[in-house]
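Novice: fold the following, please.
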Amino acid sequence: MKVLLSSDMEGVTGAVDWDDMFQGKPQYERFRRLLTQDVNAAIEGALAGGADEVVVTEAHGGMKNILLEELHPDVSMITGTRGRTWLMMEGIDESFDAVFLVAYHAMEGTTAAIMNHTEDPHLIREVWLGDVKVGEVGLSGLVAGHFNIPIVLVTGDDKVAAEAKALLGNIESAVVKYGISRYTARCLTPKKTSELIKAAAGRAVKRVGAIKPFKPEFPMEVRVKLNTSLQATQVSKASGVRMVDPTTVAATCNDVLEANQLLQEVESRASDPAA
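Specialist: Okay, here's the model as predicted:
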């Protein structure tokens, strides 16, 4: 059994603030180590549960956060940002049997969810796949479903665990902290969270055949609500994209590749300094 482990960072043990998340910030090196510890716990659980191979793909920020030298020796890792096709799910293909989402976070606007956002918080307020609003769990699930692969484990705060189960079904989760506000949480200790993640990962591997991939029907309308009307106007200049209201754009997508391309257009055009 082969597992792709996509690792974000906001859902890592103990982290509650953007200063914990990015290079040059006072707490960043500390949380790199805690992130590596959370990832290792998931790897250990997967291997103990029967996985033969685990590939880690970095999915946060510059995508160079996990300490490779401290990672479990029996895995490989995809790192770096340039030339990615599948963004947070880079490396996925039909050879995988299951996906883990480690240190993920809830979508933008979720009450009391730690550092909740969807993709770039400076650009995007909401993403809708048809009538379903999704965050990064849903977008990662969409890509996994394209390859007929289920997401079987999500780790992070209690809010992302609830979001994942509402969207993906009764998957496994490991809650490492409980959100009180966007930047305050009741956090469990690293020793405890490692135990929880390892146990959940082991259960998840054993349940792969019982968990269905996330496969919404295409064609579908994909809508993105931007932070400003100027950002939306910039994005609406892309081929096939239309304005829905002053801050929302939409496109009819025939498959996951087109949906993925729309989101890349949003990131590129809305990030234009003119917007």
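Novice: now do the end-to-end distance for stretch 3-21.
Specialist: 25 Å (C-alpha to C-alpha, to the nearest Å).
Novice: apologies, that question was intended for stretch 89-98.
Specialist: Note: stretch 89-98 ends 12 Å apart using C-alpha to C-alpha.
Novice: now find how far off-centre that stretch is within its chain.
Specialist: Centroid separation for stretch 89-98 versus its chain: 15 Å, with C-alpha atoms, centre = their mean, to the nearest Å.
Novice: right, and Gln231 touches Leu123 too?
Specialist: Yes: under the criterion of C-beta atoms under 8 Å, Gln231 makes contact with Leu123 at 6.2 Å. No exception for glycine: its C-beta is placed from N, CA and C like everyone else's.
Novice: and the two? which has more neighbours close in?
Specialist: A count of neighbours by other C-beta atoms under 10 Å puts Gln231 above the other of Gln231 and Leu123, at 24 against 20.
Novice: so which elements touch the helix or strand hosting the more buried one?
Specialist: Per DSSP states H and E, Gln231 falls inside helix 229-235. Helix 229-235 sits against strand 220-226, strand 248-253, helix 256-270, with contacts defined as 3 or more C-beta pairs under 8 Å, 6 or more residues apart in numbering; DSSP states H and E.
Novice: ok, 7 Å please
Specialist: strand 248-253, helix 256-270 (3 or more C-beta pairs under 7 Å, 6 or more residues apart in numbering; DSSP states H and E).
Novice: in it, what's buried?
Specialist: Neighbour-count burial for helix 229-235, counted by 16 or more other C-beta atoms under 10 Å, picks out 231-235.
Novice: nearest to Leu87 among those?
Specialist: Nearest to Leu87 among those is Val235, at 17.0 Å by C-beta to C-beta.
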